[in-house]
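Chemist: I would like to see how this sequence folds:
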Amino acid sequence: MLRSFRQVFKSNRTPMAAVMIVVLLGLVAYLAPSGRVDTPDTVVARVYGREILLRDLSEHMQELYQRFGKQGDLEALKPFVQSQALRDLMNQKLMEELADRHHVVVTDEEVGARLRAFLKQYPVLLDAQGNLKSTAELKQIFQETGFNPALQERNLRNELMRTKLIQQAAFQIPVDGAWLDVEHRLRNEKVGFQQATLAVDAAAVADPGDASLEGFYKTGGERFLQPPRRVIQFVAVDRAALGKDVQTDEASLKAAYEARKADYTEFKARHILFKAEGDAPAQEAAAKAQLLRERLVKGQDFAKAAEELSEDPSAKGNGGDLGWFNASKMVKPFSDAAATLKPGEISQPVRTVYGIHLIKLEGRREKTFADVKDQLAQEISEGRFTARAQERLEQIRKRANGGDLASAAKSLGSQAQLSQPFANEPGAQSEGLPELAQFASEAFRLKVGEVSKPQRAGDRYILFRVQEELPEAVPPFKEVRAKVLAAYRAEEARKQTLAKAEQALKSGGLAAVGPVTDQAAAPLSGLRDLAAHPGIRKALLETAVNQTTPLLWTQDGKLWVARITSREPAPALTFETRRSLIQEIQTGEAQKLLSAELQSLDQQGRRRPGFSSLWGHLGGIYISASAVQAPLE
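Modeler: From the prediction side, this is the model:
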């Protein structure tokens, strides 16, 4: 059969080649980004083949906005909210991938049972017999309260999945007697002690000069081993480089003001809402609103009617008062209707996606040109700067065509520079490039010779090309003298501080080391900072009453010592307390393992985002830069 297929293929090479090309193009069209970001089905990310749609991102962003309530400017929060929402959704997909790998399954029956148990907590959802009300009644209550059962079901499914993963891992963690004994003592044995700390003053250590430092450097040069470092060639464009191109004049400011005048008109209004979904309910709601309007026009109190009749929950307690708002803050039919009213007038019934509204305008105010002139100038100038800077850098990128940026930059009045070598680490620095930390990680994601896209970096826009990568090496002394001096001072200061503390303990006891603080008898598990330090934890458990612990270095670089003043042993473990403690230990360790696995899965997926979204389809992480404006944190 295989021979027959080969024969057919050989005799039809041209048609078969055409078919293969069509299939390949179809595959590319499916995998490649479409460039559209305006439909709910747009894919914003793929995590090991699991798609996150723009719809999913928008819904979760709305959920996060609700958590913020009325705090702060929601528009200003958007980058943070989008980043957090995408992070949450990606973590959810990573959890699903991990569950698949560990063969963990969450059934619809389990989720349904959890959802019913959750809903039964609320008396308003129960009938006289204590059972959940009918589906129609529940749907009505959910609509009125804004509760989203689908969202709650998703959260419960994720919670169940996480719980099962933790339980599965916990069963595989052996807890021996020694571990159990230590954890039992940490939780239940009460220890009282006095403690003192002594700070290290590295700045007080004098610079010994090059000869001593070079000797110190040679004996411990491996500590100054630098990881692979990269050098980038970069072109920066700031406002000064663009000159008059970013300046504004009076005429352009006035034109912008006239074009956006509606944005500077604010209204103060109250409203009454009758919720309605669909044409028939909307007609019924409009009829109710019309009858009410007739009474309101004749003098019935609008605020009181809003309190009693409005189906907008926020109307309760404030008489439907919306405060001051501009057109952009409301849906268009609502803002259009408000704009046609005079103060004191009540609108005809207005239909929006929320239902039918009656609007009473209470005030109108406009910001004058003088009020917004400075703001407009800043916005227009910023917009021009962004457009011109990106345009120039994009031209340089195209002219360079993947090669050296210097000549292309010079032809457009800019200058290319080389950075100092830098490592892929937080706070990366390079002289003349203060913004480096913002894109250092990207410089390591690109291959040597690749050119970045123009990007904002502080007050400038930057385009860079990865010039070269320097291998891991111990650099020449002169290049790292400052680091060598800092290490020398730190080491000498620790030696001096330790000698000082040892002498102080011999001559004057704890008080001679430093200020003494008393710690009342309590379980060590409640002293988080001390119990988290393995050496200090062991010393507090093993040092006898009226004895002094060894001198130990704390995590923040201070010298610590204590004298045990009292010790109350933990009660003996029973069968039940032993089993409970073992489960606590296993669960805690399992949670750490789960977090580590998720982090590892995330890191592995990001290593190969691949051709457009190909790797995102088959086994990695792909994020659409065009669909997501805010970077992940």
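Chemist: CA only for contacts and neighbour counts going forward, please
Modeler: Noted.
Chemist: how near is residue 289 to residue 307?
Modeler: Residue 289 sits 15 Å away from residue 307 when distances are taken as CA to CA, to the nearest Å.
Chemist: Equivalent analysis for residue 514, please.
Modeler: Distance of residue 514 to residue 307, given as CA to CA: 65 Å.
Chemist: same check, this time on residue 356
Modeler: Distance of residue 356 to residue 307, given as CA to CA: 16 Å.
Chemist: mind listing what's buried in stretch 500-516?
Modeler: With burial defined by 16 or more other CA atoms under 10 Å, the residues of stretch 500-516 counted as buried are 501, 504, 505, 510, 512, 513, 514.
Chemist: Let me know the closest of those residues to residue 180.
Modeler: Within the buried residues of stretch 500-516, distances to residue 180 taken as CA to CA reach their minimum at residue 510, with 32.5 Å.
Chemist: Save the buried residues of stretch 500-516 as CSV, and put in secondary structure, distance to residue 407 and pLDDT too.
Modeler: Formatted as CSV, these follow (DSSP: H, G, I helix; E, B strand; the rest coil; distance: CA to CA, whole Å; pLDDT from 0 to 100):
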residue, secondary structure, distance to residue 407, pLDDT
501, helix, 62, 94
504, helix, 67, 93
505, helix, 68, 93
510, helix, 69, 93
512, helix, 68, 92
513, helix, 64, 93
514, coil, 63, 91
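Chemist: Now the two most distant members of the residues you listed.
Modeler: The two members of the buried residues of stretch 500-516 with the most space between them (CA to CA) are 505 and 514, at 10.1 Å.
Chemist: Which strands and helices lie in contact with the helix or strand containing residue 584?
Modeler: Following DSSP states H and E, one finds residue 584 within helix 575-606. In terms of contacts (3 or more CA pairs under 8 Å, 6 or more residues apart in numbering; DSSP states H and E), helix 575-606 is packed against helix 74-101, helix 149-170, helix 177-188, strand 621-623.
Chemist: State the separation between the longest one and the centre of the chain it belongs to.
Modeler: Using CA atoms, centre = their mean, to the nearest Å, the mean C-alpha position of helix 74-101 is found 8 Å from that of the whole chain.
Chemist: again, but for stretch 468-483
Modeler: Its chain's average C-alpha position is 34 Å from that of stretch 468-483, according to CA atoms, centre = their mean.
Chemist: Equivalent analysis for stretch 389-407, please.
Modeler: Its chain's C-alpha centre and that of stretch 389-407 lie 32 Å apart, by CA atoms, centre = their mean.
Chemist: So what touches it?
Modeler: Contacts with stretch 389-407, where a contact means CA atoms under 8 Å, 6 or more residues apart in numbering, come from 233-235, 237-238, 242, 408-409, 412, 415-417, 449-451, 453-455, 461-463, 465.
Chemist: Residue 517 sits in which helix or strand?
Modeler: Assignment of secondary structure by DSSP H and E places residue 517 within strand 516-523.
Chemist: list the helices and strands that strand packs on?
Modeler: Strand 516-523 makes packing contacts with helix 177-188, strand 190-198 when contacts are defined by 3+ CA pairs under 8 Å, 6+ apart.
Chemist: got the angle for it vs strand 190-198?
Modeler: Inter-element angle recorded for strand 516-523 and strand 190-198: 150 degrees (by axes from the mean of the first three to the mean of the last three CA atoms, to 10 degrees).
Chemist: which strands and helices sit next to the helix or strand following strand 516-523?
Modeler: Stepping forward along the backbone from strand 516-523, the first helix or strand reached (DSSP H and E) is helix 528-531. Using 3+ CA pairs under 8 Å, 6+ apart as the contact criterion, the neighbours of helix 528-531 among helices and strands are helix 534-542.
Chemist: I'd like to know which elements the helix or strand that the helix it packs on is followed by is packed against.
Modeler: On the C-terminal side of helix 534-542, the closest following helix or strand by DSSP H and E is strand 552-553. The helices and strands touching strand 552-553, judged by 3+ CA pairs under 8 Å, 6+ apart, are strand 559-568.
Chemist: relative to strand 516-523, how tilted is the strand it packs on?
Modeler: 40 degrees.
Chemist: which residues of the stretch 151-300 of the chain fall in helices?
Modeler: 177-188, 210-219, 239-242, 250-259, 279-297 (DSSP state H, counting those that start in this stretch).
Chemist: One more: the stretch 301-450 of the chain?
Modeler: Listed in chain order, the helices found in the stretch 301-450 of the chain under DSSP H, counting those that start in this stretch are 302-309, 332-339, 369-400, 406-411, 440-445.
Chemist: show me where the stretch 1-150 of the chain has strands.
Modeler: Applying DSSP state E, counting those that start in this stretch to the stretch 1-150 of the chain gives strands spanning 43-47, 50-53.
Chemist: Highest mean neighbour count out of those?
Modeler: Mean neighbour counts were taken over the strands of the stretch 1-150 of the chain using mean count of other CA atoms under 10 Å, and the top value, a mean of 25, falls to strand 43-47.
Chemist: As CSV, could you dump the C-alpha coordinates of stretch 579-593?
Modeler: Taking C-alpha atoms only, stretch 579-593 is exported to CSV below (Å, rounded to 0.1, in the frame of the first residue of the first chain):
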residue,chain,number,x,y,z
ARG,A,579,-2.5,12.8,62.7
SER,A,580,-3.7,16.4,62.4
LEU,A,581,-0.1,17.8,62.7
ILE,A,582,1.1,15.3,60.0
GLN,A,583,-1.6,16.5,57.7
GLU,A,584,-0.7,20.2,58.3
ILE,A,585,2.9,19.5,57.6
GLN,A,586,2.1,17.5,54.4
THR,A,587,-0.4,20.2,53.2
GLY,A,588,2.1,23.0,53.8
GLU,A,589,4.9,21.2,51.9
ALA,A,590,2.5,20.2,49.1
GLN,A,591,1.5,23.8,48.6
LYS,A,592,5.2,24.8,48.3
LEU,A,593,5.7,22.0,45.7
